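Trainee: any chance you could fold what I've pasted below:
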Amino acid sequence: MHKRKIGMISFAHLHAVSYLEALVRRDDVELVGIADENRERVEPFIRKYQLPYYADYRELLAGDVEAVIISSENANHAEMTIEAAKHKKHVLCEKPLGVSREQMRQMIEACQAGGVQLMTSFPNRYIPMIVEAKRAIERGEIGEVIAVKATNKGEMIGGWFNDRSLSGGGSLMDHTVHVMDLLNWIFQSQAVEVYAQADSLFHGIDMDDAAMVHVKFANGVIAALDASWSRKHAAPYKRDLTMTFIGTEGVISMDYFAQVNEIYSETTGHAEWSYWGDNKDEMLIDDWIQCLKEDRPVSITGEDGYNSTVIALAAYESIRLNKPVRL
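Mentor: Residues are numbered from 1 along each chain as shown. Predicted coordinates for the structure are as follows:
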């Protein structure tokens, strides 16, 4: 059996750990190394899994690796993806795909020119309740959808996420792209207008940690999203994902993190939730590897990453102008 040779570039983003764990469980993958300029960040995984380490990601790309997962700071996605494409390596890139329209177009075009696939990391597409909600909407079970109310809130991670030059934005950038990708996918309709408000309300940082984003789609659907870093450390879980689809004939409500056990421990001093639901990161990796093995188009393309991120960028433009922005 041919094992796919996979490399990992940067562990700046937290998803890298769960992707690594998904890869090492597979018998059809050979993990050929981890590249990260910050060795301390990846040292535990290098030791645990006895993996080669590269201080310069270009040295990893120069080898026989077939595909790479890029989980670097957002501002570095473009450079690393373009370099991977030059080396004829397939790419799974963390979200947001890039921090500007120009960067993202360059990434997409470089992968096309290199004859390699570019997949954007949107694991929420694999959540079974979201898949079933999409099917129910397509079957017309709630009539015509007219509005969506969504929340994607999290705890402030800090570090490079709070550095606009590396992240491209605060909580609005961090959380908007996930939900907008889901809505783009579910409705297969382009966003045509964006209006947003954002501020620093929770942490006293020079970065948006609270945002409300309103989007109008070409099919007439209006979506409202709370994209904030409003979860406190004492919260039982550090993030949420809820969506309510309001139709002419009914409503679908979903809460991804309802799949939890409640734990009350004197050790921690506060309530905790232990998630027991499906592993969306593992399902994304499974699908990506299968696409590479079968040489078929990836399920979540670079164009998908572009289409969700331009909504977040338009939201920042709306905030700057204090008015709705047309796409």
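Trainee: what is the mean pLDDT for the biggest helix by length in the chain?
Mentor: What stands out as the longest helix in the chain, according to DSSP state H, is helix 302-321. Mean per-residue pLDDT for helix 302-321: 98.
Trainee: so how far is T244 from S253?
Mentor: Distance, S253 to T244, using Cβ to Cβ, to the nearest Å: 5 Å. Every residue, glycine included, has its C-beta placed from N, CA and C.
Trainee: swap in P44?
Mentor: P44 sits 40 Å away from T244, going by Cβ to Cβ.
Trainee: same for the one helix or strand G7 maps to, what does it pack against?
Mentor: Taking DSSP states H and E as the definition, G7 sits inside strand 4-9. Other elements packing on strand 4-9 under the criterion 3 or more Cβ pairs under 8 Å, 6 or more residues apart in numbering; DSSP states H and E are helix 15-24, strand 29-35, helix 57-61, strand 67-70, helix 280-294.
Trainee: can I get these in JSON lines including distance to K134?
Mentor: Shown next, in JSON lines, are the helices and strands packed on strand 4-9 (distance: least, Cβ to Cβ, whole Å):
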{"stretch": "helix 15-24", "distance to K134": "22"}
{"stretch": "strand 29-35", "distance to K134": "29"}
{"stretch": "helix 57-61", "distance to K134": "36"}
{"stretch": "strand 67-70", "distance to K134": "26"}
{"stretch": "helix 280-294", "distance to K134": "15"}
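Trainee: can you say which of these is nearest to V131?
Mentor: helix 280-294 (10.0 Å; Cβ to Cβ).
Trainee: start and end of stretch 89-109, how far apart?
Mentor: 14 Å (Cα to Cα, to the nearest Å).
Trainee: going forward can the numbers begin at 173, since that is how I track them
Mentor: Shifting the count to begin at 173 puts that one at stretch 261-281.
Trainee: rewinding a little: which of S425 and T416 has more neighbours?
Mentor: T416 (15 against 11; other Cβ atoms under 10 Å).
Trainee: dump the residue contacts of the residue nearest to K410 when sequence neighbours are not counted.
Mentor: Nearest non-adjacent residue to K410, counting by Cβ to Cβ, 6 or more residues apart in numbering: E327, 4.2 Å away. Each residue near E327 by Cβ atoms under 8 Å, 6 or more residues apart in numbering is listed here: 401, 403-405, 407, 410-411.
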